[in-house]
Structures are given as structure tokens and as C-alpha cells.
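S.K.: structure, please.
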Amino acid sequence: MNLPQLSQQERAEARIKAIAARALRSQAKLDLKQGLINVAAVLDAAASEPALDRLKVCELLKPFRALERYVQL
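M.R.: Prediction:
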């Protein structure tokens, strides 16, 4: 499979979009860790936000250290 050839403008736009997606996932994980939101809220938001939809389950559960006893995170 060949990767599409992107112009400099398209690459810059894709880079900005990727940075925004990473920031959104990072903020969701931080809010979970601080107890500001729960997993259900993240899953609900993931239904409408593609960036959160790509959040890995193990990353989503990392703030819950008690689960490490049962699952290797």
C-alpha cells in the first residue's frame, strides 16, 4: 500500500490535528486520574469524538492502580 503524497500544507494540517488529538486523550486520562470524570463519561465522549475513540483500553485503565493486581497494565 502506497502512502499518499501530501503537500506541505496538508502535512502541516495533519500535524496540528494529531497534536490536538493527543492533547485531548492526555486531558481525558488526567481527568480520570484526578477523579474529575469517570470511565463512563470517557466512553460516552468517545462515541462522538474520534480522538477519544482511539484511546487504548490499557491507557484508559491505568489511573486505577487497584486493577494492576488482576490485569497487567
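
S.K.: any idea how far the helix or strand hosting A46 is from the chain center?
M.R.: According to DSSP states H and E, A46 maps onto helix 39-48. Put simply, helix 39-48 sits 11 Å off its chain's centre (C-alpha atoms, centre = their mean, to the nearest Å).

S.K.: contacting residues around it?
M.R.: Contact partners of helix 39-48, identified using C-beta atoms under 8 Å, 6 or more residues apart in numbering, comprise A28, L32, L52, D53, L55, L60, L61. The C-beta positions use only the backbone N, C-alpha and C, and glycine is treated the same way.

S.K.: same deal with stretch 14-22?
M.R.: Outside stretch 14-22, the residues touching it (C-beta under 8 Å, 6+ apart) are L6, P50, A51, R54.

S.K.: go again using 7 Å as the cut-off
M.R.: Residues from elsewhere that reach stretch 14-22 (C-beta atoms under 7 Å, 6 or more residues apart in numbering): L6, A51.
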